[in-house]
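Fold the following, please.
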Amino acid sequence: MIRHRLRTTLALLITAAVSVGWSLTAATPAAANATKQLAVQQGTVRLTLTVPSSWHVSASSPTPQCGCGGDYNPVCIVASGDYDLNPNNCVLVIGGNWGSAQPDEPVPGYRLPKCADWTTTYEAHGHVGVRPGEYRIFLDRCHDRKSEQWTSLTTPSVSIWHPLSWGADDASAAYAVQTAVVAGHDITQGRTSDMGYVRRMFRRDGHIYVAIDRVVMSLSGHLMNHDPATYVHRLSWRKGSTNCPHFLSNCSPAELLAQFHKGAQPADGTRPLAGRAVAVYRYHGWSMNDLERWAFASTGDSGHCGCG
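Numbering: from 1, shown residues only. Presented below is the predicted three-dimensional model:
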């Protein structure tokens, strides 16, 4: 009886170990059986991806924004078929931005099928190749479709968007991002913008710093603060104006510090800075601005030049 129990226990342990091994293997992106190198040029940035041999640049492309601002002209990668005015026909859509990393909005933008009910269901740090980046999962509630996106924290930045299919293409997309090479002249590594709740402001060695609990802007317009971490930015000097503190972008660092020290309920009736959600941007240094909340909506790619 004891021997039988020992054999049963051993068999269960072996089964559990094999199951864990399979789970760990499945969690690691793997290359497709036959792959190739696919290079995509985005402005001055060259992105090289390892993708299945059948993946290629679509014959037709996402319609350019034609001076409306925002993104590079995105590139659609397909496994078969064509873009045909629908980003969901692509396995990857590659885009980016000249001046700043924009991880919180899907690369195809307004070109996605018409929907005014979007949200962000997951956010995390990530990588594009060896370069640090951000990872998001978006949900189109109108059509119950999820997509994922990786964005490099570089200037210029590169973003890779993938419509989730719950199949082999998902693993191939993850492997392409994991092994991606981002190259080009004058690529600056690092975050170009940030947002969060102001927790501290202080002066040190003649400079003024702000500490924020970082948040992420969901496509619904709500702020995500699930796993807050505090980050410190040194504010650059700028001349203040008479509109401070009504418009934070017009405040000098010294004026911002003075406003923070007024506490959560300033006696002069001005809006408090302590605990306030703000945006900070890096140009020649970090500056603080009012945080504008927005809700994303898509209109579909009409095939005509414009902003949707």
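
which residues of the stretch 201-308 of the chain fall in helices?
253-260 (DSSP state H, counting those that start in this stretch).

remind me which residues of it are low pLDDT?
Within the stretch 201-308 of the chain, the stretches with pLDDT under 70 are 240-241, 306-308.

before we move on, what about the stretch 51-200 of the chain?
Ranges of the stretch 51-200 of the chain meeting pLDDT under 70: 66-72, 99.

show me where it has helices.
Using DSSP H, counting those that start in this stretch, helices in the stretch 51-200 of the chain cover 168-178.

Show the residue spans covered by the strands in it.
56-57, 75-78, 92-97, 118-128, 131-140, 145-152, 154-155, 157-163, 181-184, 188-189, 193-204 (DSSP state E, counting those that start in this stretch).

Including distance to Trp286, could these go into a markdown table?
C-beta here means a position set from N, CA and C on the backbone, and glycine is covered the same way. What follows is the strands of the stretch 51-200 of the chain, written out as a markdown table (distance: least, C-beta to C-beta, whole Å):
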| stretch | distance to Trp286 |
| --- | --- |
| strand 56-57 | 38 |
| strand 75-78 | 32 |
| strand 92-97 | 18 |
| strand 118-128 | 20 |
| strand 131-140 | 18 |
| strand 145-152 | 20 |
| strand 154-155 | 14 |
| strand 157-163 | 17 |
| strand 181-184 | 24 |
| strand 188-189 | 14 |
| strand 193-204 | 8 |
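
How is this structure divided into domains?
In terms of domains, the chain is parsed into 35-189, 193-290 (source: automatic domain parsing).

So which of those is nearest Asp301?
With C-beta to C-beta, the closest approach to Asp301 among these belongs to domain 35-189: 3.9 Å.

Could you tell me the end-to-end distance of that closest one?
Terminal residues of domain 35-189 are spaced 29 Å apart (C-alpha to C-alpha, to the nearest Å).

how about the domains of the chain, which one is nearest Ala297?
For those, distance to Ala297 was read as C-beta to C-beta. The smallest value, 4.3 Å, belongs to domain 35-189.

what's the offset of that closest one from the middle of its chain?
10 Å (C-alpha atoms, centre = their mean, to the nearest Å).

about what we covered before: any chance of the strands of the stretch 51-200 of the chain in a markdown table, with mean neighbour count and distance to Ala254 too?
Converted to a markdown table, the strands of the stretch 51-200 of the chain look like this (neighbours: other C-beta atoms under 10 Å; distance: least, C-beta to C-beta, whole Å):
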| stretch | mean neighbour count | distance to Ala254 |
| --- | --- | --- |
| strand 56-57 | 16 | 52 |
| strand 75-78 | 22 | 46 |
| strand 92-97 | 26 | 32 |
| strand 118-128 | 17 | 33 |
| strand 131-140 | 20 | 32 |
| strand 145-152 | 22 | 34 |
| strand 154-155 | 21 | 28 |
| strand 157-163 | 26 | 32 |
| strand 181-184 | 16 | 38 |
| strand 188-189 | 11 | 28 |
| strand 193-204 | 17 | 9 |
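
can you tell me which of these comes nearest to Val278?
strand 193-204 (5.8 Å).

list the helices and strands that closest one packs on?
Applying 3 or more C-beta pairs under 8 Å, 6 or more residues apart in numbering; DSSP states H and E, we find strand 193-204 packed against strand 207-214, strand 230-234, helix 253-260, strand 277-282.

ok, and what's touching that strand?
Around strand 193-204, the neighbours that count as contacts under C-beta atoms under 8 Å, 6 or more residues apart in numbering are 100-101, 208-217, 223, 225, 228, 230-231, 233, 256-257, 260-261, 273-282, 291.
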